[in-house]
Structures are given as C-alpha cells and as structure tokens.
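# What shape does this take:
(4 chains)
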There are 2 protein chains.
Amino acid sequence: MLGTVQKAGEVLDLFTREKPEWGVSEVAKALGIPKSSAHALLSTLALIGLLKRGPDGRYRLGWRILTLSQVLLSSNSWRQEARKAMEEVVARFGETAHLAVLECGRVVYVEKLEGTQAVRVANTGVGVELPAHCSAVGKVLLAYLPWKEVVRIMAERGMPALTANTITTLDELQTELQGVREKGYAYDIEETVPELCCVAAPIRDHTGEVIAAMSLSVPFYRFQQMKSEYRNAILKATQQVSERLGYMGEIPWLKGETQSKVKGHGKG
Amino acid sequence: MLGTVQKAGEVLDLFTREKPEWGVSEVAKALGIPKSSAHALLSTLALIGLLKRGPDGRYRLGWRILTLSQVLLSSNSWRQEARKAMEEVVARFGETAHLAVLECGRVVYVEKLEGTQAVRVANTGVGVELPAHCSAVGKVLLAYLPWKEVVRIMAERGMPALTANTITTLDELQTELQGVREKGYAYDIEETVPELCCVAAPIRDHTGEVIAAMSLSVPFYRFQQMKSEYRNAILKATQQVSERLGYMGEIPWLKGETQSKVKGHGKG
DNA sequence: CATATGATTCCATTATTCTGAACAGCCTTA
DNA sequence: TAAGGCTGTTCAGAATAATGGAATCATATG
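The predicted model follows:
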C-alpha cells in the first residue's frame, strides 16, 4: 500500500553514518528510479522536515527527526521504568547496561548506561542498529518470535560473522533460541565483539509479550568469575520491570537454582 | 509535490508528547480525510518503521526514528565542534548551555549541557521545540533571516506570550532583531521562562551563513552581576566554533570593548 | 447476547505520480 | 575565456497508484 510512502522509507534508509549526505542523482542510481522521481521524493521529504536541503542541492537528515525522537523517548513509559532498573544494576557492578528492541528484524538500542564513564551517557549508543542473530539482546528478542519470522529475518538480513564465535547457521540459531526460551536468558560470549561478553533477559508487558531486552556487558576476563551474579541481577531487574508494566503471569524463566535467589518477586 | 508524502508528514506531526498515540479514526478526523486513507497512511508508515502498530490497532512512533536520530547526530561535524566549546563554558561557569537550530520556523534544541546536574546530560532537552520569537537562541536565529521570512513564520506560528516579558508584536521583534544584528548577540531576560535569563550568539559555517545559535542559561539573580562575562564567553565560544568551521570572514559582532578581550582569535 | 465503536478490506473512479527529455547552474577543462 | 561534463531542477503527457464510500471484521461495552 502507498508505494510512494514506501519509497520515501527506502530513501530514508539510505542515510547512514557512513553516507549521511546524498544527491539526487546518487539516490536515483541507488534506488533504480529516474532522477526526477528521486528529486520529487527528496524535496518533499525536505519539505516535511525529515530531510534538509543544503545550499548545493545535496540532502541530509533534518532536525525534525530529533523532535520526533524526543517525543518517542518521552512517551515510552516502559523505557523509563527500565532505566531505573538499569541504574541499579550499573551502580552495583559498574558495568555497562543496554536496553534494546527489535525493529524490522534488527536490534536497536534504546538506552545505554555506561558503568565507569558516567558523563557521555546517552546519544552515543542509543539508536545504533545491530544484526539480531548475534548479541545477547538479539538472541533474547528473537527467541520469543515465531520461528518462521526468525527464518524470514535471517533470509532478509543474512547472518554475517562478526567474530569467530558468531552463530552463522539457522540450525545453531534454532538450538540457541530454544535454550534461551528454556533458561529465560541469553549469554553472548564474544559473539559480537571480541573480548566482550553479555547477559540479557526479556522484558514483558502486561499481556506477557516480550517488548524489549536488557543486557549487561562485561569484559571477558571479568565476566567468567561473576557470570551467575550478572545473570541473576539481569533476571531480577527484567522481572521487576515486567511486573511494573503489569506482567502478572508466570515467570517461566525463573526455575531451579535461580528461583531461590530472587524469591519474593514471584507471580502475583 | 508528492502529496502522499506530505500527508505522511502531517500524520507524523500529530504525534506529540501530549498525544503520542493515535488511532485510525482519530487521525482521519484530525486531518479531515476518510478512514481508509488514514489507515493506508498509518499502516504504511508502520511498514517503514516510522510508526509502530500496537496490538490494538493504535499507532505510536517507531524505533526507526531513534536510528535516524543517531545517524543525524553522529554526522553533524559542527555539532560536535560546538559541544567542545560548550563544555568549556559549562565547566567555567557551571551554568547550562544550549545549542539550537531553526527548523520549519521553530527553535529545536540539538544539544544541551547542564551545569550542576552532570548526569542526565542529553535526551532531556535535546529535540525539544520552542517558538522562535522568544528565547535568546530564537532571536539570534531569526535575526539573520530575511525579514520577510520572519514575518511569514510569525504569521504561521503566532507570537504567544510565555511570560510578561515575551515579545508579542512584529514591531518589537523587528527592533529587537536589528539590535541583535548590530551587537552580534541576544539577551533573553525572562522572556521564555520566569526567573531565567540567557545570552546567545550565532555560529556560522564557512560560507558565513548562520547555522546555529549557542546560549548560556542562568537564573535571574545570578545573571545580573555577571552579565558581560557570560556574554563575552558565549561570543568567544561561538567565534571559536565558527572559525573551526572555516568561517574566515569578518567578525562583525566583536566591536569596541569586547574585541580586546578576545583578541588573538580574529579574522584569518 | 446485542450493540456500538473502531480497525480493516474492497473496488471503481479519479487524480496523482511516474517518466524521459529539456533546461539551468556550477565547476572543471582546454 | 569558452566549451564540456556534471549536477539539480522543471515540464507535460502517459499510466499507475491513491482516493473515498460502503461493507466487513474485530473488539470492547451494556
């Protein structure tokens, strides 16, 4: 539906950190459309403020996007709830915490709290996209999707190996996601970035649907010793947030040894 | 041109902090279009990730906007240059500094550094919109626009009085902007928020065009004593940034007593 | 269980966008 | 200095895609 708007979306997708400025001819070539069509798209997008036309006729993203981003961030109640929980975790361990969602098959970080460097908190990692098949948050978010959907996403985006540990086949991924569902959390042992490990767990809304994932990122050498502490902290934090969001159902990912440590926050 | 995209822009404009969630019928009523048209717009915008469809069929802004925002912020060289200068000013006075641009006739804050509260640096004020006829940054940005353009903007947006000191007539505004151009900076003495004062000055790119304004915000009682120090600091900071951006022209706003204090950074 | 509200689908009409070529500006080149 | 190639921009006919009213489905409400 609305092919024009869809093409406008494709145009917006062209603007990346690597190439944040596009001319009419470039866009026409990249999208395989006539120059005049590209011109119409670019100039209209500039008219509504999503793009900004430079004096030389080249286009960049417009400041209206910042305003929309502000509205988005301030209107998401669960993100603010999650932030509180993240602050506790970060304060306790001094490690970096992330909050991420799945958008069009990609992981998008929506919050980042750094452990040691307290100053440049936001706007560095927030908004960054990552492939979903690696990283702890990505695996958590995929785990609670229908498998068919996962297959579709992987077919569309591919499964590039970011490190030697990255999962690169559907079979491996299926096994991994099954494990995540059973345990209720996911590890990332140098699958995304060398020397970096993460634990992530899902955040659910009042309907029980997984809407986000929270993770703690720790350098490899420190991670091994404290593995279970990190895991329990993330599980506790995500559970707290889920409950604040009205999730009253069972907590299927708290079983066995883990359960005793977080007792008192159980089902309502 | 491309009325469909333009309508998509109108739809996006509906999503505000006050009303971040819209249904199909609401949008149809608000825009005066049939329900089916509104549905096509909303569902397509959701398809490209600018909106997100909730399970109940209501729509919110989508996370793709965060990604675009990230690209926008990381690709703006002058914003990062300005940030450095802002950090110096904030460190020196401990007061809050703002960086703003004009977008579709409104002031949009693109950077904010708080003085005393160092933690919640970004994402609070960044992206917030303000009317342009008040605030120091707004007056600076308007001052270097053609007067006809200013008139058009005021006609479109109106000149609401935010405080008793707000400029509410075109005559007052014209006089004020003339003064800004002559002096090279603007004061805001409780024109936007009671008890709050600001000084702002323009940042120019290599062509000499004013692309942004930087301001320092100080509580009224502290502002009066240090007025000229604040002003000189902002003038020096904006001049530095402008020069880093390749602005080699005259510095028309540094004259008389001020000039001696910032000697050494003059024209190239 | 009936009703009302709102989201979604359908399809013919209509207006819109698409397209290719011509125009105008800018910088490089001879 | 003038020609050449590269941009972004404009224009009018051809063709597709958007429109809008009514019907349908889903969901909350009494």
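
# and residue A:207, helix, strand or coil?
Under the three-state scheme (DSSP: H, G, I helix; E, B strand; the rest coil), residue A:207 adopts coil.

# Which residue ranges of the stretch 101-250 of chain A form strands?
Applying DSSP state E, counting those that start in this stretch to the stretch 101-250 of chain A gives strands spanning A:106-113, A:129-131, A:186-189, A:196-204, A:210-219.

# With respect to burial, which of those strands scores highest?
Of all these, strand A:196-204 carries the top mean neighbour count, a mean of 26, counting by mean count of other C-beta atoms under 10 Å in any protein chain shown. Where you see a C-beta, it was placed from the backbone N, CA and C, and this is true even at glycine.

# CA atoms of that strand as CSV?
Extracted C-alpha coordinates of strand A:196-204, given in CSV (Å, rounded to 0.1, in the frame of the first residue of the first chain):
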residue,chain,number,x,y,z
LEU,A,196,33.1,-8.7,25.3
CYS,A,197,30.5,-10.8,27.0
CYS,A,198,26.9,-10.1,27.8
VAL,A,199,23.9,-11.5,29.6
ALA,A,200,20.4,-10.5,28.5
ALA,A,201,16.8,-11.2,29.6
PRO,A,202,13.4,-10.3,28.2
ILE,A,203,11.1,-7.5,29.5
ARG,A,204,7.4,-8.3,29.1
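
# That one pairs with which strands?
The pairing partners recorded for strand A:196-204 under DSSP bridges are strand A:186-189 (antiparallel), strand A:210-219 (antiparallel).

# any idea how far the first one is from the chain center?
Right, strand A:186-189. Offset of strand A:186-189 from its chain centre (C-alpha atoms, centre = their mean, to the nearest Å): 15 Å.

# Give the burial count for the residue of chain A found nearest DNA strand D, as a bare number.
Proximity of chain A to DNA strand D (C-beta to the nearest atom of the strand) peaks at residue A:23, 2.0 Å away. Residue A:23 sits with 17 neighbouring residues when counted by other C-beta atoms under 10 Å in any protein chain shown.

# That one reaches residue A:58, doesn't it?
Yes: under the criterion of C-beta atoms under 8 Å, residue A:23 makes contact with residue A:58 at 4.9 Å.

# residues in the stretch 1-150 of chain A within reach of DNA strand C, list them.
Residues of the stretch 1-150 of chain A lying close to DNA strand C by C-beta under 7 Å from any atom of the strand are A:3-4, A:7, A:33-37, A:40-41.

# quick one on the thing from earlier: kindly reformat the strands of the stretch 101-250 of chain A as JSON lines containing mean pLDDT and distance to residue A:96.
Formatted as JSON lines, those follow (pLDDT from 0 to 100; distance: least, C-beta to C-beta, whole Å):
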{"stretch": "strand A:106-113", "mean pLDDT": "92", "distance to residue A:96": "7"}
{"stretch": "strand A:129-131", "mean pLDDT": "91", "distance to residue A:96": "15"}
{"stretch": "strand A:186-189", "mean pLDDT": "96", "distance to residue A:96": "13"}
{"stretch": "strand A:196-204", "mean pLDDT": "94", "distance to residue A:96": "9"}
{"stretch": "strand A:210-219", "mean pLDDT": "93", "distance to residue A:96": "5"}
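
# For chain B, see how far away residue A:95 is.
Distance, residue A:95 to chain B, using C-beta to the nearest C-beta, to the nearest Å: 17 Å.

# Next, find the distance separating that residue from DNA strand C.
In this view, residue A:95 and DNA strand C are 41 Å apart by C-beta to the nearest atom of the strand, to the nearest Å.

# Residue A:232 now?
For residue A:232, the distance to DNA strand C (C-beta to the nearest atom of the strand) stands at 39 Å.

# Can you give me the distance of that residue to residue A:238?
For residue A:232, the distance to residue A:238 (C-beta to C-beta, to the nearest Å) stands at 11 Å.

# the more surrounded of the two?
Neighbour tally, residue A:232 and residue A:238, criterion other C-beta under 10 Å: the higher count belongs to residue A:238, 29 against 17.

# quick one: secondary structure of the residue lying farthest from the centre of chain A?
Centroid-distance maximum for chain A: residue A:36 at 36.0 Å, with C-alpha atoms, centre = their mean. At residue A:36 the chain is in helix, as set by three-state DSSP.

# what's the burial count for the residue of the stretch 51-200 of chain A found nearest DNA strand C?
Per C-beta to the nearest atom of the strand, residue A:56 is where the stretch 51-200 of chain A lies closest to DNA strand C, at 7.6 Å. Residue A:56 has 8 neighbouring residues, counting by other C-beta under 10 Å.

# Secondary structure element holding it?
Assigned by DSSP states H and E, residue A:56 falls within no helix or strand.

# what do you get for residue A:65?
Using DSSP H and E, residue A:65 falls within helix A:64-74.

# if we can go back for a sec, tell me which of the strands paired with strand A:196-204 approaches residue B:206 most closely.
strand A:210-219 (39.8 Å; C-beta to C-beta).

# quick one: that closest one to chain centroid distance?
9 Å.

# Next: stretch A:181-200.
Taking C-alpha atoms, centre = their mean, one finds stretch A:181-200 lying 14 Å from the centre of the chain it belongs to.

# List of residues touching it?
For stretch A:181-200, contacts defined as C-beta atoms under 8 Å, 6 or more residues apart in numbering or on different chains pick out A:98, A:100, A:130, A:134-137, A:139-140, A:143-144, A:162-167, A:176, A:180, A:201-202, A:213-220, A:223, A:227, A:230-231, A:234-235, A:251-255.

# In this structure residue A:45 contacts residue A:11, no?
Yes: the pair residue A:45 / residue A:11 is scored as a contact, 6.4 Å apart, by C-beta under 8 Å.

# Distance check, residue A:207 against residue B:188.
47 Å.

# And for residue A:12?
When distance is defined by C-beta to C-beta, residue A:12 is 35 Å away from residue B:188.

# swap in residue A:131?
From residue A:131 to residue B:188 the distance is 47 Å (C-beta to C-beta).

# Highest neighbour count among the residues of the stretch 1-150 of chain A next to DNA strand C?
The residue in these with the most neighbours, by other C-beta under 10 Å, is residue A:41 (26 neighbours).

# Model confidence score at the nearest residue to it once chain neighbours are set aside, please.
Once flanking residues are discounted, residue A:41 sits nearest to residue A:11: 5.2 Å by C-beta to C-beta, 6 or more residues apart in numbering or on different chains. Per-residue confidence (pLDDT) for residue A:11: 95.

# surely residue A:11 meets residue A:44?
No: with contact defined as C-beta under 8 Å, residue A:11 does not count as touching residue A:44 (9.8 Å).
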